[in-house]
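For reference, the sequence and a predicted model appear below.
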Amino acid sequence: MRRVPHDANPLTALLAEVGVEEFTARDFRPGVLRHVVLFRYRDDVTPVQKEEVLRRFRALAASPRPDGRPYVVSIEAGTQTSGEGAGGGFEHGIVVTFASEGDRNFYVGTPVVDDPAFGDPAHAEFKEFVGPLLADGGVLVFDVAG
């Protein structure tokens, strides 16, 4: 096995090790994986635009792989309502559940998977839509396996 520098992205190293077809396959590392996404918007983003972000994100639940079958188990999305004062200015939170790391890898696409044939074009389109609406540092992504 190839040694990877401690500061390298472990997913990029794994992709290089196993290849893109295996890395994005439905059965690659099966098990529940939750992909948590938080959004902090620019000050000029309207409530209507924010609702459109959630609508479009929720629509990704029906996004299919090239075989026509959906691969997202579920998407839960909503507005921050905690009173703990630790929200960091993030307004929306989304939890996307996958049945394998391969499904998550297909979903993420770039910046991990450069070949668009092995990524979800609907998710790529969503990222293009939401990017200009976010404040600097306005997205936090955290994956939880198990």
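Right, received. Where do you want to start?

hey, let's count contacts and neighbours off CA atoms from now on
OK.

Tell me how many other residues surround residue 100.
Applying other CA atoms under 10 Å, we find 23 residues neighbouring residue 100.

wait, residue 109
So residue 109, with other CA under 10 Å, has 20 neighbours.

OK, contacts around it?
Counting by CA atoms under 8 Å, 6 or more residues apart in numbering, residue 109 touches 115, 116, 118, 119, 120, 124.

can we see that at 7 Å?
Neighbouring residues of residue 109 by CA atoms under 7 Å, 6 or more residues apart in numbering: 118, 119, 120.

do the same with residue 141
Counted by CA under 7 Å, 6+ apart, residue 141 has contacts 36, 37, 38.

Output the residues you listed in TSV, with neighbour count and distance to residue 84 appended to each entry.
Shown next, in TSV, are the contacts of residue 141 (neighbours: other CA atoms under 10 Å; distance: CA to CA, whole Å):
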residue	neighbour count	distance to residue 84
36	18	19
37	17	19
38	22	16
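
how about CSV for these, with distance to residue 12 and pLDDT added?
Shown next, in CSV, are the contacts of residue 141 (distance: CA to CA, whole Å; pLDDT from 0 to 100):
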residue, distance to residue 12, pLDDT
36, 19, 98
37, 20, 98
38, 23, 98
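
ok, now which ones touch the residue nearest to the spatial centre of the chain?
Centrality entry for the chain: nearest residue to the mean C-alpha point is residue 108, 5.1 Å, by CA atoms, centre = their mean. Neighbouring residues of residue 108 by CA under 7 Å, 6+ apart: residue 119.

ok, now how distant is it from residue 43?
Using CA to CA, to the nearest Å, we find residue 108 at a distance of 27 Å from residue 43.

quick one, helices of this structure?
All helices of the chain, identified by DSSP state H, fall at 10-18, 20-23, 47-59, 101-108, 121-130.

ranking these by burial, who's on top?
helix 101-108 (a mean of 24; mean count of other CA atoms under 10 Å).

Give me the below-cutoff pLDDT ranges for this protein.
1-8 (pLDDT under 70).

that older thread, top of the contacts of residue 109 by number of neighbours, please.
residue 119 (24 neighbours).

hmm, back to that, okay, the contacts of residue 141 in JSON lines with distance to residue 100 next?
What follows is the contacts of residue 141, written out as JSON lines (distance: CA to CA, whole Å):
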{"residue": "36", "distance to residue 100": "15"}
{"residue": "37", "distance to residue 100": "18"}
{"residue": "38", "distance to residue 100": "21"}
